[in-house]
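> Whatever this is, show me its structure:
(2 chains)
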There are 2 protein chains.
Amino acid sequence: MASDHQGPRGPLARLRRGHEELVLRLLRTHGPLSRAELGKLSGLSRTTLYDIVVALMDGGAVVATAPAPAERRRGRPVETLSLHPGAGQVIGIDFARRAVHVAAVNVAHEVIGSASEAHSAGLGWEARVDLAERLVARLAGGALRLGALSGIGVGVVGPVDDLTADAEDAPRPGAPQHRAPGTPARTDLPLLLRKRFGVPVLVDNNTRLAALAEATWGAAAGVQDVLYLRLSHGVGGGLVTGGTLHRGAHGLSGEFGHITAEPDGRRCSCGKDGCLETVASIGAVLEAHGAGAPDLPAFLAALPDDAAAARVLTTVGTRVGTVLAAVCNAVGPDVTVLGGELAEAGPVLFTAVERALLAHLMPISRSRADLRAATLGEAGGALGAIALVLHESPLLDRYPAPDSLE
Amino acid sequence: MASDHQGPRGPLARLRRGHEELVLRLLRTHGPLSRAELGKLSGLSRTTLYDIVVALMDGGAVVATAPAPAERRRGRPVETLSLHPGAGQVIGIDFARRAVHVAAVNVAHEVIGSASEAHSAGLGWEARVDLAERLVARLAGGALRLGALSGIGVGVVGPVDDLTADAEDAPRPGAPQHRAPGTPARTDLPLLLRKRFGVPVLVDNNTRLAALAEATWGAAAGVQDVLYLRLSHGVGGGLVTGGTLHRGAHGLSGEFGHITAEPDGRRCSCGKDGCLETVASIGAVLEAHGAGAPDLPAFLAALPDDAAAARVLTTVGTRVGTVLAAVCNAVGPDVTVLGGELAEAGPVLFTAVERALLAHLMPISRSRADLRAATLGEAGGALGAIALVLHESPLLDRYPAPDSLE
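Okay, here's the model as predicted:
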């Protein structure tokens, strides 16, 4: 029976992680400490503490510092332990449909830079990783020290059920192969990145990550329960519940674009009829508007004087607000964030969304409704990928920001 | 700064709780242990362990046992520590609209009994607590030992935002009073129960608790992501996400009955139009069926030969399935559970629900759709109240069932 508890996820490993987190938290809260002080504050025995500190120093998370000569008293100088000043830098990469976005944060979880580059639609995964690497190098020329990198978060388009969450695992042997042998597939992405950067890689859907980013640094920063809807070429979103990204049983949470908005509506790319995406995507809006505007920038630019565009956006906003209300009644978010390029249409759209939202929200919830425009724009996916690592990586969990301590 | 971290929820208190949980988990996993063995397994220093054990013995969670005479060797007999065999019993009480339901579990989280009694609709809170006490005493005459009671979970009708989650707090002074002075209100319930039973009390909405019960002991036992819909005199439900009851920002999660099902539908008791509840409540079904059946039992009894009833249930099932699909697309549950008295209509209803559910679910999710009938019946609220305590009480968290250890 005892052997059941010895694995990497067993109680003993969990206990050890708990001790490590405790030591790191004390160093983060108190600054440098001697081993004696650490022992007193942690309540750990000398033997346990010794093991934990050795492991943390081996992993590069903790460094020992000899005191400055002036501070030396009689006898042997007392060495102090502190967090590695560079450890904890995290990169986020968003592999969007036609662009790669990259961002980075330091150990204090401050965004230290971002970069972005468009590419053609069919670019292969190896080339997209090359592009990501060049963008990261551009950041690394500045404030980012690659040697201090602790983890990489990655956003991709579509469901991620087939991607290993942690790239330490090799791709599953039975995974289907539809490419020329040797050509990396989307499923190889975590491993590709791990090989290039040598640090843990976490992957999730980029729209869902944008939700997490808005709840971490954006329009709903610090809010625990957030509903995020993105109106772009596709329509999707994400839920943050209790401060954590909600995934659902098969990684299919947040598919608001495929909630039926018009029961007798058009066939959606997903195969069913009348999805919100058939009404509220950029393509659907331009088509409903007719030949007036060739693309979204032109549509948005002409908006103030375009009565037909206003009518289209009012209809779209009504559908969006109705779907949002259904989701709000189901999950009760504190803040609802509307993002994506179409959200830049502004008040014409937001007024219609809010009217429908309030009409279909339980009356008891109406006074609490809080609809906001997303603030992070196209960087949301990369920033959310960073937030994913900060929230979920076992290594990075060890570095809570001071204000995340209760 | 240090003083910010000393409160009951600060890092030091959390650290202490962590140590206590560790000691309790080791006693649970290994059975009785000597202090020396506990020290070795826990990694805690002698001083820390001494303090923790004293506190746990004071709280009645841990008892010291002298070894049996036959086991005594030379020298001072070695005392062993073990979990209090009776500690960990939990009662659940569901204050439904016209009945009180009570259930109890033992330290192994096995249901050891339940009892139930109907009452008139307007019964005051003091009388309802009296009734609960009598029902509990009936259980206590059997397997329940009140002296070993660790906590009470309570389910009530409606939102619980105004109820203190933990009855150790006195009612808020500014809380509105609309009753004769001295008459207990719904908001006094946690305190009333705490006074009668002398143990911590946790409160939540009883329909949401039924969701947790189905995910713990019922149709979706052990499933991490569950959507539960209850069709009764009202229509409501609950979400379990990642094994935890989902609450939403203002405790208004799971209000599926107030998602708009018919845009031009009837006025709902909540004040808005066309809510699912106006279509799928028991009252709505009986009314749609006409004068044929005076109440639900008669309606259900006549069902096999009643074509009109089948038509009504098909319409209801279609609305229910459409709303469920919207929620499923949003939150991606693993299992969807349909409960409440109306669910006893069986296949006529379930077939229609499933057809609409599949039609409005994203095609990628269809093969994974898993619709089940609730199994816990009217005991669900009380059982869910127990599950709430087992999941959330800081005291009871200390007694994980053996199989909950990874």
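> For the rest of this, base every contact and every neighbour count on C-alpha atoms.
Noted.
> so where do the helices sit in the stretch 101-250 of chain A?
A:125-140, A:189-197, A:206-216 (DSSP state H, counting those that start in this stretch).
> and if you look at the stretch 251-400 of chain A?
Going by DSSP H, counting those that start in this stretch, the stretch 251-400 of chain A shows helices at A:277-280, A:282-289, A:296-302, A:307-331, A:347-360, A:363-366, A:380-392.
> got the buried residues for the third one?
Put plainly, it is helix A:296-302. A:296, A:299-300 (16 or more other C-alpha atoms under 10 Å in any protein chain shown).
> The first one now?
Buried residues in helix A:277-280, defined by neighbour count with 16+ other C-alpha under 10 Å: A:277-280.
> nearest to A:Ala221, of those?
A:Ala221 has its nearest neighbour among those in A:Ala280, at 25.8 Å by C-alpha to C-alpha.
> one step back: including pLDDT and distance to chain B, could the buried residues of helix A:296-302 go into TSV?
What follows is these, written out as TSV (pLDDT from 0 to 100; distance: C-alpha to the nearest C-alpha, whole Å):
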residue	pLDDT	distance to chain B
A:Leu296	93	27
A:Phe299	93	30
A:Leu300	93	29
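> Would you format the residues you listed as TSV with distance to A:Ala137 included?
Shown next, in TSV, are these (distance: C-alpha to C-alpha, whole Å):
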residue	distance to A:Ala137
A:Leu296	32
A:Phe299	36
A:Leu300	35
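> coming back round to it: of the helices of the stretch 101-250 of chain A, flag the one that's most buried.
helix A:206-216 (a mean of 30; mean count of other C-alpha atoms under 10 Å in any protein chain shown).
> elements contacting that one?
Helix A:206-216 makes packing contacts with strand A:149-156, strand A:226-231, strand A:235-241, strand A:244-245, helix A:380-392 when contacts are defined by 3 or more C-alpha pairs under 8 Å, 6 or more residues apart in numbering or on different chains; DSSP states H and E.
> Can you say which of the ones you listed is nearest to A:Gly254?
Among these, strand A:235-241 sits nearest to A:Gly254 (C-alpha to C-alpha), with 4.3 Å.
> Sheet partners, orientation included, of the closest one?
Strand pairing for strand A:235-241, using DSSP bridges, gives strand A:226-231 (antiparallel), strand A:244-245 (antiparallel).
> and those strands, which is most packed in?
Highest mean neighbour count of those: strand A:226-231, a mean of 28 (counted as mean count of other C-alpha under 10 Å).
> Just the C-alpha atoms of that strand, please, in PDB.
Extracted in PDB, the C-alpha atoms of strand A:226-231 (Å, rounded to 0.1, in the frame of the first residue of the first chain):
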ATOM      1  CA  VAL A 226     -14.900  36.300 -15.600                       C
ATOM      2  CA  LEU A 227     -16.700  35.600 -18.800                       C
ATOM      3  CA  TYR A 228     -14.800  36.600 -21.900                       C
ATOM      4  CA  LEU A 229     -16.200  36.600 -25.400                       C
ATOM      5  CA  ARG A 230     -14.100  37.300 -28.500                       C
ATOM      6  CA  LEU A 231     -15.600  38.500 -31.700                       C
END
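> Can you tell me what sits against it?
The contact list for strand A:226-231, computed with C-alpha atoms under 8 Å, 6 or more residues apart in numbering or on different chains, reads A:207, A:211, A:214-215, A:220, A:235-241, A:256, A:280-282, A:328, A:333-343.
> Type out the PyMOL command that picks the buried ones from those residues.
Remark: buried members of the contacts of strand A:226-231, expressed as a PyMOL selection using 16+ other C-alpha under 10 Å:
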select buried, chain A and resi 207+211+214+215+220+235+236+237+238+239+240+241+256+280+281+282+328+333+334+335+336+337+338+339+340+341+342+343
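> Pull the distance from the helix or strand in which A:Arg25 is found to the chain's centre.
If you go by DSSP states H and E, A:Arg25 is part of helix A:11-30. Centre-to-centre, helix A:11-30 and its host chain are 24 Å apart (C-alpha atoms, centre = their mean, to the nearest Å).
> how much does it deviate in direction from helix B:11-30?
Angle, helix A:11-30 to helix B:11-30, by axes from the mean of the first three to the mean of the last three C-alpha atoms, to 10 degrees: 170 degrees.
> re the thing from before, dump the helices and strands packed on helix A:206-216 to a markdown table, plus mean pLDDT.
Listed next are these as a markdown table, based on pLDDT from 0 to 100:
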| stretch | mean pLDDT |
| --- | --- |
| strand A:149-156 | 87 |
| strand A:226-231 | 98 |
| strand A:235-241 | 96 |
| strand A:244-245 | 90 |
| helix A:380-392 | 89 |
